[in-house]
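[1] Just a sequence and a predicted model for now, questions to come.
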Amino acid sequence: MKEGATTVGAVILTVVAAGFAVFTEGVKWDVDLDGEDDSIKDMMKTSAKNAWSTIVGWFKEHEKKYGF
């Protein structure tokens, strides 16, 4: 019985993950007002890049200021 429940659980998680991927790629709107529709996936990529740039900039600024 445990094997059957595990398989059903894995199938459900796979379907949910696939559905979420389709949803995030399919929902689009113009968030940055550049005339192009942006998907949730695109917005997450941009946010991650911006966050990384901020972190790198912080370290570079402190390196200049404190010399480490």
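    Done, it's in.
[2] ok, residues contacting stretch 29-38?
    Contacting residues not belonging to stretch 29-38 are listed as 28, 43, 46 [Cβ atoms under 8 Å, 6 or more residues apart in numbering]. No exception for glycine: its C-beta is placed from N, CA and C like everyone else's.
[3] separation between the residue nearest to the spatial centre of the chain and residue 6?
    Nearest to the geometric centre of the chain sits residue 44, at 4.0 Å (Cα atoms, centre = their mean). Taking Cβ to Cβ, to the nearest Å as the measure, residue 44 falls 30 Å from residue 6.
[4] Sheet partners, orientation included, of the helix or strand bottoming out on mean pLDDT in the chain?
    Every helix and strand of the chain was ranked by mean pLDDT, DSSP states H and E. The lowest is strand 28-29, at a mean of 70. Take DSSP bridges as the rule and strand 28-29 pairs in its sheet with strand 38-39 (antiparallel).
[5] and the next element down the chain from the partner strand?
    Sequence order places helix 40-66 as the next helix or strand after strand 38-39, per DSSP states H and E.
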